[in-house]
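Colleague: Build the 3D model from these lines:
(one chain, ligands or ions: 1)
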Amino acid sequence: MSTLSDMPSSSLDNGQGVIDPDVFFEQNKAPANLAEFEAKLEAFVSYHQAQKNRIVFITSGGTTIPLENNTVRFIDNFSSGTRGASSAEYFLRAGYAVVFMHRQFSLQPFHRHFVPHPHLNFLDYLQVTDNGAKVATAYEQQVKTVMTEYQQAKDTNRLLLLEFVTLPDYLFKLKSGTRILSGLQSQVMYYLAAAVSDFFIPSAKMNDHKIQSRDGGLTLTLDQVPKFLKPLVSVWASQSLIVSFKLETDEQLLVPKARQALESYGHQVVVANMLHTRKHTVTVITKSSEKVVSLSPEELASHVEIESRIIPQLVHIHDAWIDSGSTLA
Ligand code: PMT
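Modeller: From the prediction side, this is the model:
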């Protein structure tokens, strides 16, 4: 079998060292659980298609970049999945059916309220009684509110949790997801909040086994990941509303790069956020508008979440997308 390094670069890349998205799928192995992923998604989609419900496909959390085919070590990023998990709850409130494709062990809707926290351990929610244990009185109301919404989402089959771990895992599932959702056309919104790696090591260039420290220091060369937004927007999901995210650490770059993304890929919305202020300020950008959404110090202190302000705006844009027959100006 030939390896990537045996092949003439012209058959693999666009002249700038970046392979074509189709080549990526030929050169990398599909995840072992892809068939199971597809079966779950197909059942969910056909149920909601029959009910004529809107679906939002949320991606959330970071992707890992394995350094060995039998992976011991990998490169990761900071994303905890807060944005995606919290957004899922507001989309459910807005009446959407939610496909929540998240990085394994990153935050999940509803469950996120009870994960360990610097000031509160999950066990503090519980209290021992004479007969067993119960929710501590101080948290009863909070637990009831979260559990009621969770139960409703489950009873109405409106939340599907699906997982990914590595970059190839994410990309195979995203592509496959768009194929399964394609029949719903403009009724679908893609909300791409996952922090997807821009660099990776193709399977054929990776060590099969654990890299040995006896060989001395380690120098890595990473290839650039093709820009999958391009085929996603123009081929895989061309009738659906696509919301991508732009994350920067330099304020000067944020809006220009978000606008550049809209122009290069031709999709409908970019939510631009800065690493350190992402929980209280974002800018929602379309071709014809730019709206800063932010929380006041008082709102932050009373635990208002910025996603409660972002989602209604996107629902409004989605209404217009559907009404215009997928041709939003
Ligand atoms: O999870 P949290 O801790 O709450 O943090 C939330 C967040 C900051 C991760 C989230 O709000 C966010 O900004 N997510 C996108 C971060 C990111 O990957 O930005 P980017 O500039 O690298 O990518 C821009 C867009 O292009 C993304 O929507 C991505 O889906 C897409 N992309 C990226 C790489 C690639 N090869 N192909 C792509 O299509």
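Colleague: any idea how far residue 99 is from the ligand?
Modeller: The spacing between residue 99 and the ligand, counted by Cβ to the nearest ligand atom, to the nearest Å, is 15 Å. The way it works is simple: take the backbone N, C-alpha and C, and place the C-beta from them, glycine included.
Colleague: three-state assignment of that residue?
Modeller: Taking DSSP: H, G, I helix; E, B strand; the rest coil as the rule, one finds residue 99 in the strand state.
Colleague: doesn't residue 58 make contact with it?
Modeller: Yes: using Cβ atoms under 8 Å, residue 99 and residue 58 qualify as a contacting pair, with a distance of 6.8 Å.
Colleague: Just the pLDDT at residue 244, thanks.
Modeller: Residue 244 carries a pLDDT value of 98.
Colleague: and it, that one's in a strand?
Modeller: Yes: Residue 244 forms part of a strand when assessed by three-state DSSP.
Colleague: Let me know the distance separating it from residue 269.
Modeller: Here residue 244 is placed at a distance of 7 Å from residue 269 (Cβ to Cβ, to the nearest Å).
Colleague: Equivalent analysis for residue 33, please.
Modeller: In this view, residue 33 and residue 269 are 31 Å apart by Cβ to Cβ.
Colleague: Who has more neighbours out of those two?
Modeller: Comparing residue 33 with residue 269 by neighbour count (other Cβ atoms under 10 Å), the higher total belongs to residue 269, at 25 against 14.
Colleague: in the sheet, who's paired with the more buried one?
Modeller: Per DSSP bridges, the residues bridged to residue 269 are residue 243.
Colleague: Surely it and residue 240 touch.
Modeller: No: taking contact to mean Cβ under 8 Å, the distance of 11.7 Å between residue 269 and residue 240 leaves them out of contact.
Colleague: Check residue 117 and give its pLDDT.
Modeller: Listed pLDDT for residue 117 reads 80.
Colleague: any idea how far residue 61 is from it?
Modeller: From residue 117 across to residue 61, the span is 18 Å (Cβ to Cβ).
Colleague: And those two? Which one has more around it.
Modeller: Between residue 117 and residue 61, counting by other Cβ under 10 Å, residue 61 is the more crowded of the two (29 against 10).
Colleague: close enough to count as contact, that one and residue 81?
Modeller: Yes: here residue 61 lies in contact with residue 81, judged by Cβ under 8 Å, at a distance of 4.0 Å.
Colleague: Next, give phi and psi for the closest residue to residue 279 other than its chain neighbours.
Modeller: Distances taken as Cβ to Cβ, 6 or more residues apart in numbering place residue 306 nearest to residue 279, at 6.2 Å, with adjacent residues excluded. Backbone dihedrals for residue 306, given as degrees, to the nearest 10, come out at phi -60, psi -30.
Colleague: Would you mind confirming that residue 306 makes contact with residue 283?
Modeller: No: at 11.6 Å, residue 306 and residue 283 do not qualify as touching, with contact defined as Cβ under 8 Å.
Colleague: And the residue nearest the centre of this protein?
Modeller: The residue lying closest to the centre of the chain (Cα atoms, centre = their mean) is residue 59, at 1.8 Å.
Colleague: For that residue, give its distance to residue 264.
Modeller: The spacing between residue 59 and residue 264, counted by Cβ to Cβ, is 19 Å.
Colleague: Tell me which helix or strand comes right after the worst-scoring helix or strand of the chain on mean pLDDT.
Modeller: With mean pLDDT, DSSP states H and E as the measure, the helix or strand of the chain carrying the lowest mean pLDDT is helix 21-27 (a mean of 91). For helix 21-27, the following helix or strand on the C-terminal side (DSSP states H and E) is helix 34-50.
Colleague: any idea which helix or strand comes after that next one?
Modeller: The next secondary structure element downstream of helix 34-50 (using DSSP H and E) turns out to be strand 55-60.
Colleague: and that following strand, what does it pack onto?
Modeller: Taking 3 or more Cβ pairs under 8 Å, 6 or more residues apart in numbering; DSSP states H and E as contact, the helices and strands that strand 55-60 lies on are helix 82-93, strand 97-103, helix 167-181, strand 188-192.
Colleague: Mind checking those for the one nearest to residue 222?
Modeller: helix 167-181 (10.6 Å; Cβ to Cβ).
Colleague: near the ligand at all, that closest one?
Modeller: No: taking Cβ under 6 Å from any ligand atom as the criterion, helix 167-181 and the ligand are apart, separated by no less than 7.8 Å.
Colleague: Now tell me what touches that helix from outside.
Modeller: With contact meaning Cβ atoms under 8 Å, 6 or more residues apart in numbering, helix 167-181 is reached by 24-25, 28-31, 34, 37-38, 41-42, 45, 55, 57, 59, 63-65, 99, 101, 162, 164, 188, 190, 194, 196-197, 200, 203, 225, 228, 232, 236-237, 240.
Colleague: Narrow these to just the buried residues.
Modeller: 24, 28, 31, 37-38, 41, 45, 55, 57, 59, 63-65, 99, 101, 162, 164, 188, 190, 194, 196-197, 200, 225, 228, 232, 236-237, 240 (16 or more other Cβ atoms under 10 Å).
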